[in-house]
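*Asks:* Turn this into a model:
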Amino acid sequence: MFDLATATSAINAIKAARDALGAVLNMKVSAEVHPKLIEMQAAVLDAQAKMLDMQAAAQQEQGRILALEQELAALKDQRAVIARMQRRAPFYYFPDDPDPYCPRCVEADSRVIHAIKTADLDSGRSIWECPACKCRLVIQG
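*Replies:* A predicted model of the protein is given here:
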């Protein structure tokens, strides 16, 4: 895995080398050495640019990892909430809540959404609907 501290240290070392090369370039040197020093400074600058790109990529990946860890924690919390529910066909209930929850939302989407009683029919049946998934259940009683 990419270590941000190592990359930062490498960038600082490259900066120091660049500064040292700049100082050497300002000194009087022979005609043969001068072009080689310029070539060397260009290589250091290229390496520094690549290290900065790597550092930016590492920071972006760290942000992505943090977002995924938060999403995973939220999913684990949601699963823990659902694990406390009891199924009494066709609905799900919490032990301390008499209102039913939509079975489709709980089972398919791991969401906890109350079902809403929308009508009582003459036959003794009731119609329950979910405001989230629009699931409609006709229940006796």
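*Asks:* List of residues touching stretch 88-106?
*Replies:* Here stretch 88-106 makes contact (C-beta atoms under 8 Å, 6 or more residues apart in numbering) with 82, 84-87, 111-115, 128, 130, 132-133, 135, 137, 139. C-beta here means a position set from N, CA and C on the backbone, and glycine is covered the same way.
*Asks:* are any of those buried, and which?
*Replies:* Listed as buried from the contacts of stretch 88-106 are 85, 111, 112, 113, 114, 115, 128, 130, 135, 137, 139; burial here means 16 or more other C-beta atoms under 10 Å.
*Asks:* tell me the SS of the second one?
*Replies:* The three-state assignment at residue 111 reads coil, by DSSP: H, G, I helix; E, B strand; the rest coil.
*Asks:* How about it: what's its closest non-neighbour residue?
*Replies:* residue 105 (4.3 Å; C-beta to C-beta, 6 or more residues apart in numbering).
*Asks:* With the last one instead?
*Replies:* Spatial nearest neighbour of residue 139, excluding adjacent residues (C-beta to C-beta, 6+ apart): residue 126 at 5.2 Å.
*Asks:* quick revisit: which pair of the buried ones among the contacts of stretch 88-106 spans the longest distance?
*Replies:* Spatial extent of these (C-beta to C-beta) is set by the pair 111 and 139 at 20.3 Å.
*Asks:* quick one on the thing from earlier: can I get the buried ones among the contacts of stretch 88-106 in CSV with distance to residue 12, pLDDT and secondary structure?
*Replies:* CSV is the format used below for those (distance: C-beta to C-beta, whole Å; pLDDT from 0 to 100; DSSP: H, G, I helix; E, B strand; the rest coil):
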residue, distance to residue 12, pLDDT, secondary structure
85, 55, 96, coil
111, 49, 92, coil
112, 51, 94, coil
113, 53, 96, coil
114, 57, 96, strand
115, 61, 96, coil
128, 65, 95, strand
130, 58, 97, coil
135, 60, 94, coil
137, 65, 94, strand
139, 69, 90, strand
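*Asks:* Fine, thanks again, bye for now.
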